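Q: sequence and predicted model, in that order:
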Amino acid sequence: MEVEGCVLPDEAYVDLENDVWIRTEGPGAPWTVGILSSLASLAGRFVSVRFRPGEGLWKRGQSLATLESFRFTGPFRVPVDARVMARNEALAGRPKLLNDEPYAAGWVARILPEDGPEHPPYPRAAEVAEELRWKIRALRIHCYPAAPDLELYEIGSECSATLSRLDEEIARLEPRDVILLVVDDPTAPIELVRWERQSGNRILYQGRDGELYQYLIRKEPASRPVQKTSRGS
């Protein structure tokens, strides 16, 4: 299911206070836990995941890991009293998996709950949907179809200068990387479509929030610059 554009797996149990999802795998099997896509979108691109060492029993609410992006640093809290059976070591080398695949390859840990309860003590996704909707709106979270590798805010700039800057920034990225571009120039809807066609890149998403236009742009292998002049000329 989706809530305000943010994916929430139907089968998941949700600790909404800590932005954690829990997936059960059957009687006696470890539970898989991770972060909600809404938190991943709020935080932006994650750049670091640092797991805390330790064996034995972890108490509910203990911090198992510290997650860090350019605008967020916070703990990943164990949702129940449990033993940690596995940490997702792939996150150390690719923390952006938390953004790209929060419910799949971006899982955080597998835990075995103490005393073996059949189900987590949290509601299912459908039961928290309205509360999550309120939280997303209150925090002005935007969930996009792909996680941005770079965010570019060009407020008060003419579209020609914005496109020059966009060309410069895309040239620094790898193919398949994604830019979030936010502009307020009313000519952007026309100019960005023309730029997409000429540059060989792809606009994955476009939206509007008041006077601001939002574009999610993916660099394609055949990307080429369009604007010939540098910014400010």
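A: Done, it's in.
Q: how about the helices in this structure?
A: For the chain, applying DSSP state H gives helices covering 37-43, 90-93, 97-100, 125-138, 159-171, 188-199.
Q: may I see the buried residues of the longest one?
A: Read that as helix 125-138. 125, 128-129, 132, 135-136 (16 or more other CB atoms under 10 Å). The way it works is simple: take the backbone N, C-alpha and C, and place the C-beta from them, glycine included.
Q: surely residue 3 and residue 129 touch.
A: Yes. Contact criterion CB atoms under 8 Å: residue 3 and residue 129 qualify, at 5.2 Å.
Q: now do stretch 4-19: distance to the chain's middle.
A: How far stretch 4-19 lies from its chain's middle: 13 Å, per CA atoms, centre = their mean, to the nearest Å.
Q: stretch 186-193 too?
A: Counting by CA atoms, centre = their mean, stretch 186-193 comes out at 26 Å from the chain centroid.
Q: contacts for that stretch next, please.
A: Residues outside stretch 186-193 that contact it (CB atoms under 8 Å, 6 or more residues apart in numbering) are 159, 162-163, 181, 185, 203, 206, 213, 215.
Q: just the C-alphas of that stretch, formatted as CSV.
A: Output of stretch 186-193 as CSV, limited to C-alpha atoms (Å, rounded to 0.1, in the frame of the first residue of the first chain):
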residue,chain,number,x,y,z
PRO,A,186,7.2,29.4,-14.1
THR,A,187,8.8,28.5,-17.4
ALA,A,188,10.3,25.3,-15.9
PRO,A,189,7.5,23.0,-17.1
ILE,A,190,8.2,23.9,-20.7
GLU,A,191,12.0,24.2,-20.5
LEU,A,192,12.6,21.0,-18.5
VAL,A,193,10.7,18.9,-21.1
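Q: would you mark the buried spots in it?
A: Quick answer for stretch 186-193 (16+ other CB under 10 Å): 188, 191-192.
Q: cool, stretch 161-172 as well?
A: 161-167, 169-170.
Q: domain parsing for the protein?
A: 2-138, 150-218 (automatic domain parsing).
Q: got those domains as a markdown table, with mean pLDDT columns?
A: Below are the domains of the chain laid out as a markdown table (pLDDT from 0 to 100):
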| stretch | mean pLDDT |
| --- | --- |
| domain 2-138 | 96 |
| domain 150-218 | 95 |
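Q: dump those to CSV, plus distance to residue 225.
A: Listed next are those as CSV, based on distance: least, CB to CB, whole Å:
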stretch, distance to residue 225
domain 2-138, 24
domain 150-218, 4
